[in-house]
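**Student:** how would this look folded up:
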Amino acid sequence: MKNIKVLIAAALLGIFFSNLILGKDFKKAENFSLKDYNGKLLTLSDFKNSKAIVLIFVSTQCPVSNAYNERMEKLYSAYKGKNVKFIGINSNKSETADEIKRHAAEKNLQFAILKDENNIVADKFEASFTPEAFILNGSFDILYHGRIDDNRKADGVQTSDLSVALDEILAGKSVSNPQTKAFGCSIKRVSK
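**Tutor:** Model (predicted):
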């Protein structure tokens, strides 16, 4: 009986760790539509002809997300001419479209930022943090999920995971590290 319990525990741990390594998130994303902070409806399929679609869950109030504002804008600027689309998604229940609009203007964020009312898209992607990034191809296959880089402080960055993944995709290669551990503030969801 003891051996059976050990085997069951080992099997469960194996499933748990394979989900961590392979990522249960590595699947095809569903199309979705959300409004930006100006009320314009955007649909994921609007970007299906892109070489890559970068979705980043962001916040106006999270200090970690705010520490990445300049880096997110630099990434957007570096890749926008390479047919890579950047979309910010704000799923926090207390952050309004007006607040998002003011924040984007103050921080000079030029990429689209959509308001995910009731955190429906965050739930579909199983996103937990701000910032947390996903890279999709035009067929909405999730090619990368995780952090933007490995350090909250820009001067301490050693690995620029999101940029490396984008460069590999643009070069026609597979992403060498398709899942990293995102970190930041938790997404403040509505109660369901």
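
**Student:** residue ranges with poor pLDDT in this structure?
**Tutor:** In the predicted model of the chain, residues 1-26 satisfy pLDDT under 70.

**Student:** please state the offset of the helix or strand residue 142 falls within from the chain centre?
**Tutor:** If you go by DSSP states H and E, residue 142 is part of strand 142-146. Using Cα atoms, centre = their mean, to the nearest Å, we find the averaged C-alpha position of strand 142-146 to lie 8 Å away from the chain's own average C-alpha position.

**Student:** in stretch 87-102, what's buried?
**Tutor:** Counting neighbours by 16 or more other Cβ atoms under 10 Å, one finds that the buried residues in stretch 87-102 are 87, 88, 89, 90, 91, 92, 95, 97, 99, 100, 101. To be clear about C-beta, it is placed using only N, CA and C from the backbone, and glycine gets the same treatment.

**Student:** the fourth one reaches residue 116, doesn't it?
**Tutor:** In other words, residue 90. Yes: contact criterion Cβ atoms under 8 Å: residue 90 and residue 116 qualify, at 6.4 Å.

**Student:** which of the helices or strands spans residue 102?
**Tutor:** Residue 102 belongs to helix 97-106 when assigned by DSSP H and E.

**Student:** ok, residues contacting the helix or strand following the strand holding residue 142?
**Tutor:** Towards the C-terminus, the helix or strand next in line after strand 142-146, according to DSSP H and E, is helix 161-170. Applying Cβ atoms under 8 Å, 6 or more residues apart in numbering, the set of residues contacting helix 161-170 from outside is 51-52, 54, 75, 78-79, 82, 84, 133, 135, 137, 143-144, 146-150, 174-178, 180.
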